[in-house]
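Engineer: here's my sequence, what's the structure:
(one chain, ligands or ions: 1)
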Amino acid sequence: MSNATHLSNGLIELENEPSQTLSFEETVRARRSFRSFLPTPVPNAQIKQVLEDAQYSPSNCNTQPWNTHIVSGEKIKELGRILTEQNEAENFTPDFSFDMECFYGAYSERRIEHGKTFYEAMGVARGDKIARHKAAAKNYTFYGAPHVALLFMPSFGDNVRVGGDIGMYGQTFLLSLTARGLGGIPQTAIGFFAQTIREYLGISDELKLMFAIAFGYPDFTAPVNSVRMGRVPVSESVTFHH
Ligand SMILES: Cc1cc2nc3c(=O)[nH]c(=O)nc-3n(C[C@H](O)[C@H](O)[C@H](O)COP(=O)(O)O)c2cc1C
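Structural biologist: Have a look, this model is predicted:
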């Protein structure tokens, strides 16, 4: 068993690295998005185990469309500098659109609630636009993570099915990190600079960037990492038909 504390809201809090991989329930409920990491690199053997786990993700017709690029060491530092510059210059080159204004009704309310919780955790006062921009810009230094997995995919039709497959892969990757005492954060924000990243890493235009997962050892002492995003009850998401 691990050093897991079961919280009253059903979630699980880990105090430090588990001595063995977590159980399924522990893994699912302990996973969360970390936004501050220790600089310590993850040993290659452990990264390989996570990649082996993610490889078992399901996909449409077993096409396994994930093309993952892992960036670490000096390369991730340099990429962080490039993306920060491009972000300041607003030189966006996304492969896929992302329009938060599309969210409506309950989805829009959840997005607003998420923004409040996120900026509060980042120590940003309401209405402080400069601080807000700075907090969001931390995406581009990967929140201090020593590694990033860039989830590229081939483009097929309207890409909805492939996008679903990449989502499956991303969640398996995140759960594997959690089970092994690591942590990660999925980042759509990195996809806003798809072309810049392709050019930097020499990746073919045929591959499109869906999102990234920055990962490493979470800094459990960072206040931003204490944030727990809530969930609506199952009854609001599921309808039973008899
Ligand atoms: C595909 C995807 C992309 C995301 N992109 C970002 C991002 O660019 N930056 C960020 O800080 N969080 C990002 N998130 C994290 C979400 O905000 C987070 O998953 C959500 O608020 C629920 O919190 P939890 O992951 O801690 O349970 C993303 C999540 C997903 C699934």
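
Engineer: ranges for the helices of this structure?
Structural biologist: Assigned by DSSP state H, the chain shows helices spanning 24-30, 44-54, 73-88, 105-121, 129-137, 160-179, 194-201, 234-237.

Engineer: and for the shortest one, what's in contact with it?
Structural biologist: In this case it means helix 234-237. When contacts are defined by C-beta atoms under 8 Å, 6 or more residues apart in numbering, helix 234-237 is touched by residues Ala106. All C-beta spots, glycine's among them, are computed from the backbone N, C-alpha and C.

Engineer: so how far is that helix from its chain's centroid?
Structural biologist: 24 Å (C-alpha atoms, centre = their mean, to the nearest Å).

Engineer: could you give me the buried positions within it?
Structural biologist: By neighbour count on 16 or more other C-beta atoms under 10 Å, the buried set for helix 234-237 is empty.

Engineer: I'd like the numbering to begin with 178 instead of 1 from here.
Structural biologist: All right, first residue 178 from here; so that's helix 411-414.

Engineer: for stretch 251-269, which positions count as buried?
Structural biologist: Going by neighbour count (16+ other C-beta under 10 Å), the buried part of stretch 251-269 is 253, 256-257, 259-260, 263-264.

Engineer: centre-most residue in the chain?
Structural biologist: For the chain, Pro363 is the residue whose C-alpha lies nearest the centre (C-alpha atoms, centre = their mean; 1.0 Å).

Engineer: quick check: it vs the ligand, distance?
Structural biologist: Distance from Pro363 to the ligand, counting by C-beta to the nearest ligand atom, to the nearest Å: 4 Å.

Engineer: and if you look at Glu265?
Structural biologist: Distance from Glu265 to the ligand, by C-beta to the nearest ligand atom: 17 Å.

Engineer: contacting residues for that residue?
Structural biologist: By C-beta under 8 Å, 6+ apart, Glu265 lies in contact with Ala314.
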